[in-house]
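*Asks:* Coordinates only, no sequence provided:
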């Protein structure tokens, strides 16, 4: 394996592990602070970090402010995702929420077709089906009766709608980007998302007794802003320049496995053995998506399959639709 590709895979392994931490830590603080208030602070801190990187790299000088409504659309989608994630984590176990997150590629494939007319390949459709089946098995906690009755938990149901917003985000980035550098474009999205969350969560922010907040809230906030937002953005950008975007997307399926490791490390134990069957299916989906498809990746280089399937991309588009 070429060194650049190996580094891309290592970056995505780190990305998956850091994203998984947001589920385990989110469960710990979801009932301590209003989700809109928490994520307003998160977007604000992440925006400062990404803005500084954009300024240092010169990306802001190459950006333009045409059609600022685009940033409000994208910031609104991600703000919706994060708020509903923390609303869901008030009652949903971390592993189940991570399993709901693995449904995102399936929904992203649908949005990719609706917005960009991207076609999903047969191999990717198989992987999405296997991963989706594994996710559903975990969401219903390996309870066949609950599955047949479609007795889904309230937290998982709330978070599912957040994942719908997240699934729409990737194809919308590609549709709305007009050539801005990735760092500058993401900075604009973070500023817009911060403004939206500040407006929605201002009352909750003003009512917070900051001195009375438990230490775990501050720990979670710093982790979410620095590691689960700014750092994962850098890792995603790094990997998307070295791997086909279908392989970048595949690492979504590793999130439940890393959440289990986080849960064990935090002393909350592992889920029941039957639930692990669903987690194993998500890993199988990952392996299918990582497998070379008749050496297409090497021959096509930058014209790799889009993150939601099929369509060819320019290097710039492939970079941006992974933000």
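*Replies:* Right, received. Where do you want to start? The model shown is predicted, which means the values in this text are computed figures rather than measured ones.

*Asks:* mind listing the helices for the stretch 101-250 of the chain?
*Replies:* Residue ranges of the helices in the stretch 101-250 of the chain, as given by DSSP state H, counting those that start in this stretch, are 104-116, 122-139, 144-148, 154-176, 182-207, 215-222, 232-240, 245-250.

*Asks:* which sections of the stretch 201-323 of the chain are below the confidence cut-off?
*Replies:* 240-241, 244-246, 292-323 (pLDDT under 70).

*Asks:* Determine which stretch of the helices of the stretch 101-250 of the chain is the most buried.
*Replies:* helix 245-250 (a mean of 25; mean count of other CB atoms under 10 Å). C-beta: built from backbone N, CA, C; applies to glycine.

*Asks:* moving C-terminal of it, what's the next helix or strand?
*Replies:* Moving toward the C-terminus from helix 245-250, the next helix or strand (DSSP states H and E) is helix 255-265.

*Asks:* Mind listing what's buried along that following helix?
*Replies:* Applying a neighbour-count criterion of 16 or more other CB atoms under 10 Å, the buried positions in helix 255-265 are 255, 256, 257, 258, 259, 260, 262, 263.

*Asks:* still on that earlier bit, turn the helices of the stretch 101-250 of the chain into JSON lines, including distance to residue 18.
*Replies:* Below are those laid out as JSON lines (distance: least, CB to CB, whole Å):
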{"stretch": "helix 104-116", "distance to residue 18": "17"}
{"stretch": "helix 122-139", "distance to residue 18": "20"}
{"stretch": "helix 144-148", "distance to residue 18": "31"}
{"stretch": "helix 154-176", "distance to residue 18": "16"}
{"stretch": "helix 182-207", "distance to residue 18": "16"}
{"stretch": "helix 215-222", "distance to residue 18": "13"}
{"stretch": "helix 232-240", "distance to residue 18": "5"}
{"stretch": "helix 245-250", "distance to residue 18": "15"}
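
*Asks:* And the ones you listed: which comes nearest residue 71?
*Replies:* Nearest to residue 71 among these is helix 182-207 (3.9 Å), distances taken as CB to CB.

*Asks:* that older thread, so which of the helices of the stretch 101-250 of the chain gets nearest residue 32?
*Replies:* It's helix 215-222; of the helices of the stretch 101-250 of the chain, that one is closest to residue 32 (CB to CB) at 5.1 Å.

*Asks:* neighbouring contacts of the closest one?
*Replies:* 25, 26, 28, 29, 32, 33, 38, 41, 42, 45 (CB atoms under 8 Å, 6 or more residues apart in numbering).

*Asks:* Pull the distance from that helix to the chain's centre.
*Replies:* Distance of helix 215-222 from the chain centroid (CA atoms, centre = their mean, to the nearest Å) equals 20 Å.

*Asks:* Residues in contact with stretch 128-142: which ones?
*Replies:* By CB under 8 Å, 6+ apart, the surrounding residues in contact with stretch 128-142 are 95-96, 98-100, 102-103, 105-106, 109, 120, 146-147, 151-153, 156, 253, 256, 271-272, 274-275, 277-282, 284-286, 288.

*Asks:* let me redo that: stretch 25-44
*Replies:* For stretch 25-44, the external contacting residues (CB under 8 Å, 6+ apart) are 75, 79, 82-87, 89-90, 92-94, 97, 190, 193-194, 197-198, 200-201, 204-205, 208, 213-214, 216-217, 219-221, 223-225, 229, 266.

*Asks:* That concludes my questions; thank you for your assistance.
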